[in-house]
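Asks: Can you look at this prediction? I've put the sequence above it.
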Amino acid sequence: MPTPALAAALADIDTVFNGFASPAETGCERCFAPEETALLRTPYTRLPTGLLRRFVYKVPDHFEDHAAVMRRLLPQCAHALADGSMDGIRFNGRHGLSRVDWRAWPTEQASAVEAFVLAWWCDVLTTPDPPFPVEDVFETCASILRTMTPLLDRWEPHPVADTHLVGCAGSWLYDLIDDSWPFTWWIRDDEAVGVAELRSWLARHASDRLRAQGEADLAIRARLVGLPYEDRWNDPYWTRPSATN
């Protein structure tokens, strides 16, 4: 069951985007059959889950009006992300919402999108076994919001959230220790700024939480990424047996 906040955000998405369509949509004739594209012009009609996924993750030049397509798909898409029926977000790449300027939409629409993304993230943080890997949800949410700051701000200490932190830190620290971008499909012009923000957050907020989870090596590495590059690699940690196992 979704948290009350996520349930409310989904209800708002349903209300705000109810009945939207892309009336002049022709779609890509090579990728979609005419009867599939016709669904984008038809409001109030559910799409097969596989087709929904294909539409959501196609690049914008496959559509006449990509923003209108995303508004058309949003209610079903949001529910599919929340309940896990949007199969394989790890392998699909960039979500369509990350490719449209949804913040320029009317205030009611933009607010509904932002509220859903944040509520979905908070729901995942407190769900012991969410439908998708937490690092994939983080990257999807961050790419849609175009910032990781509100996601990190909401990652407060909690037994379940700290368990998820172990998995994400284990994935990210491998790259962050070398100042590399740790994400797969989220692309930023200022990747160095993003790397610095995530390194700083892990150093300030994650080390003690990781140690409490029994992850001593990850806790040390979380501390190390907060140091200047040379100091990081000159730390005695790297000569200890645990660092080389």
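Replies: Noted; the coordinates are in hand.
Asks: Tell me how many other residues surround residue 239.
Replies: 8 (other Cβ atoms under 10 Å). Any C-beta I mention is one placed from the backbone N, CA and C, and that applies to glycine too.
Asks: got the contact list for it?
Replies: When the contact criterion is Cβ atoms under 8 Å, 6 or more residues apart in numbering, residue 239 has no partners at all.
Asks: Relative to residue 81, how far out is residue 132?
Replies: As for residue 132, its distance to residue 81 is 8 Å (criterion: Cβ to Cβ, to the nearest Å).
Asks: who touches both of those two?
Replies: With Cβ under 8 Å, 6+ apart as the test, residue 132 and residue 81 both reach residue 89.
Asks: These two: which is more packed in?
Replies: More crowded of residue 132 and residue 81, by other Cβ under 10 Å: residue 81, with 24 against 17.
Asks: Was I right to think the more buried one contacts residue 89?
Replies: Yes: here residue 81 reaches residue 89: they are 7.4 Å apart, a contact under Cβ atoms under 8 Å.
Asks: what is in contact with those two at once?
Replies: residue 140.
Asks: Can you tell me the closest non-neighbouring residue to residue 138?
Replies: residue 151 (6.0 Å; Cβ to Cβ, 6 or more residues apart in numbering).
Asks: all helices of this structure, in order?
Replies: Here the chain has its helices, by DSSP state H, at 4-16, 34-40, 49-57, 66-83, 89-92, 107-125, 134-145, 149-153, 159-176, 191-201, 207-212, 216-224, 229-233, 241-244.
Asks: Serialize those helices to CSV and add fields for distance to residue 184 and mean pLDDT.
Replies: Output for the helices of the chain, formatted as CSV (distance: least, Cβ to Cβ, whole Å; pLDDT from 0 to 100):
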stretch, distance to residue 184, mean pLDDT
helix 4-16, 25, 98
helix 34-40, 28, 97
helix 49-57, 13, 95
helix 66-83, 17, 97
helix 89-92, 8, 76
helix 107-125, 18, 98
helix 134-145, 7, 96
helix 149-153, 16, 98
helix 159-176, 10, 97
helix 191-201, 13, 97
helix 207-212, 22, 96
helix 216-224, 20, 96
helix 229-233, 24, 95
helix 241-244, 26, 56
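Asks: Distance to residue 25 added to those helices, as TSV?
Replies: Formatted as TSV, the helices of the chain follow (distance: least, Cβ to Cβ, whole Å):
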stretch	distance to residue 25
helix 4-16	20
helix 34-40	4
helix 49-57	10
helix 66-83	6
helix 89-92	21
helix 107-125	18
helix 134-145	22
helix 149-153	32
helix 159-176	37
helix 191-201	34
helix 207-212	47
helix 216-224	47
helix 229-233	49
helix 241-244	55
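Asks: Nice, that's everything, thank you.
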